[in-house]
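[1] no FASTA, just this:
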């Protein structure tokens with residue numbers, strides 16, 4: 001009798017979680033509708049314009065107006081004109097940051113040169129399978145760092161809410177995240193019994209994957225923040241704190257067994273934080 005009651009209840013809880021999480025993603029995107037994201041194109045913010053945040057991948061950014069949060073160029077440069085005002089960080093990976101005297105920036109200016117990538121590719125490509133794996137690992141690391149920068153730039157407030165939830169109750173978020181992982185496969189099995197459910201399986205997988213990724217980065221922010229505080233480094237932006245934490249997690253991952261466990265714990269805590277805050281929307 002108890003089994004008959006608990007099974008439908010479990011299904012209902014999981015479906016509500018999937019729907020509410022998906023709705024949270026939509027809300028998060030709507031909140032950032034004034035952001036500009038361009039791939040393979042340059043971005044220009046004209047004088048008098050007010051944009052939430054700007055991200056250009058494979059292009060440069062020229063700012064003459066007001067950007068409320070961050071400006072990020074991956075594979076391009078950032079040009080800040082005299083009338084430019086940026087409320088967050090200015091980041092350029094593989095390019096330069098050119099700031100005119102009248103430009104105002106309230107966050108950090110981060111310029112990452114990647115001139116050594118091409119020689120590294122040639123070195124590893126000639127080294128066989130072992131160096132090929134090393135090259136793949138290098139590109140994966142760089143790619144994840146770039147993804148982190150983009151997500152922090154676009155979803156600064158959401159990331160902050162998830163990180164605050166983790167800081168408030170890390171253990172509670174860990175157990176919630178563990179429950180989500182435990183129920184992941186049963187949820188797929190339950191959905192597979194109907195045609196409508198089969199259609200929802202990709203959505204369920206995408207929601208959990210997105211939650212795990214974003215939650216992991218939120219854990220990185222909290223770790224970076226606490227690490228910098230331990231070294232009495234305060235007043236850093238969320239971008240710097242998050243990058244510090246994510247890089248530290250990557251380094252910890254090289255430790256056999258313990259590193260894997262640490263990263264798994266971070267993932268579970270992040271999942272719990274995502275559920276608690278509905279992708280940082282509350």
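    Good, I have the coordinates. Keep in mind the model is a prediction, meaning the values are calculated, not measured.
[2] buried stuff in the helix or strand hosting residue 210?
    Element membership for residue 210, per DSSP states H and E: helix 195-230. Buried residues in helix 195-230, counted by 16 or more other C-beta atoms under 10 Å: 197, 200, 204, 207-208, 211-225, 228. No exception for glycine: its C-beta is placed from N, CA and C like everyone else's.
[3] For the stretch 1-150 of the chain, which segments count as helices?
    Using DSSP state H, counting those that start in this stretch, the helices of the stretch 1-150 of the chain run over 2-31, 117-125, 128-154.
[4] Which residues does stretch 39-52 contact?
    Contact with stretch 39-52 is made by 32, 34-36, 54, 56-69, 76, 81, 83-84, as judged by C-beta atoms under 8 Å, 6 or more residues apart in numbering.
[5] quick one: stretch 191-203 to chain centroid distance?
    Put simply, stretch 191-203 sits 28 Å off its chain's centre (C-alpha atoms, centre = their mean, to the nearest Å).
[6] hmm, back to that, same question for the helix holding residue 210, mean pLDDT?
    Averaging pLDDT along helix 195-230 yields 89.
[7] same check, this time on stretch 261-278
    Taken as a whole, stretch 261-278 has a mean pLDDT of 93.
[8] Now that stretch: buried residues?
    Buried residues in stretch 261-278, counted by 16+ other C-beta under 10 Å: 262-263, 266-278.
[9] and it, how far out from the chain's middle?
    On the basis of C-alpha atoms, centre = their mean, stretch 261-278 sits 13 Å off its chain's mean C-alpha point.
[10] again with stretch 164-177
    18 Å.
[11] End to end on it, go ahead and measure it.
    16 Å (C-alpha to C-alpha, to the nearest Å).
[12] Then stretch 102-109?
    Note: stretch 102-109 ends 15 Å apart using C-alpha to C-alpha.
[13] So for that stretch, mean pLDDT?
    Stretch 102-109 shows a mean pLDDT of 91.
[14] Contacts for that stretch next, please.
    For stretch 102-109, using C-beta under 8 Å, 6+ apart, the contacting residues are 63, 70, 80-90, 97, 99, 236-237, 239-240.
[15] Off-centre distance for stretch 91-98?
    Mean-position distance between stretch 91-98 and its chain equals 20 Å (C-alpha atoms, centre = their mean).
[16] Need the contact partners of it.
    Residues outside stretch 91-98 that contact it (C-beta under 8 Å, 6+ apart): 60, 70-80, 90, 109-114, 146, 149, 153, 239.
[17] one step back: hmm, which of the contacts of stretch 102-109 are the buried ones?
    63, 70, 80-81, 83-90, 97, 99, 236-237, 239-240.
[18] Identify those among those that sit within strands.
    63, 80, 85-86, 90, 97, 99 (DSSP state E).
[19] thinking again about what came up before, which of the contacts of stretch 39-52 are buried?
    Neighbour counting with 16+ other C-beta under 10 Å marks 32, 35-36, 54, 56-57, 59-67, 69, 76, 81, 83-84 as buried within the contacts of stretch 39-52.
[20] Please name the spatially closest residue to residue 47 (chain neighbours excluded).
    In space, and not counting its chain neighbours, residue 47 is closest to residue 64: 4.2 Å by C-beta to C-beta, 6 or more residues apart in numbering.
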